[in-house]
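Enquirer: Give me the fold of what follows.
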Amino acid sequence: MLGLGPQELFLILLIALLIFGPKKLPELARSIGKAINSFNQTSKKILKDVQSYAEEDTKDDKPKSQSPS
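Expert: Model prediction:
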């Protein structure tokens, strides 16, 4: 996890608590969680769209069998 150990995470949490205060910290964490969730959903949707376009492109590139004349 980004090369951070438990001591570093505790220090970051302590600094955030001092900066934002105990009342604002849960609200901040909730909004960060929502933003991360939205980012993940959007990236999955983009990946799905790219894969579907790639599949359509490979279907179009396949040579159609020609009937013998």
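
Enquirer: then stretch 21-32 to CSV, C-alphas only?
Expert: In CSV, the C-alpha atoms belonging to stretch 21-32 read as follows (Å, rounded to 0.1, in the frame of the first residue of the first chain):
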residue,chain,number,x,y,z
GLY,A,21,-10.6,18.5,13.7
PRO,A,22,-12.7,15.6,15.0
LYS,A,23,-16.0,17.0,13.6
LYS,A,24,-14.8,17.6,10.1
LEU,A,25,-12.7,14.4,9.6
PRO,A,26,-15.5,11.9,9.1
GLU,A,27,-17.1,14.2,6.6
LEU,A,28,-13.8,14.5,4.8
ALA,A,29,-13.3,10.8,4.8
ARG,A,30,-16.8,10.2,3.4
SER,A,31,-16.3,12.6,0.6
ILE,A,32,-12.9,11.1,-0.3
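
Enquirer: how about that stretch: buried residues?
Expert: When burial is assessed from 16 or more other Cβ atoms under 10 Å, stretch 21-32 yields no buried residues. Glycine gets a C-beta too; all of them are placed from N, C-alpha and C.

Enquirer: show me what contacts residue 29?
Expert: Under the criterion of Cβ atoms under 8 Å, 6 or more residues apart in numbering, residue 29 has no neighbours.

Enquirer: now it: how far from residue 53?
Expert: 37 Å (Cβ to Cβ, to the nearest Å).

Enquirer: Kindly report the same for residue 10.
Expert: 45 Å.

Enquirer: Mind listing residues that contact stretch 14-21?
Expert: Residues contacting stretch 14-21 (Cβ under 8 Å, 6+ apart): 25, 28.

Enquirer: and that stretch, how far from the chain's centre?
Expert: Relative to its chain's centre, stretch 14-21 lies at 26 Å (Cα atoms, centre = their mean, to the nearest Å).
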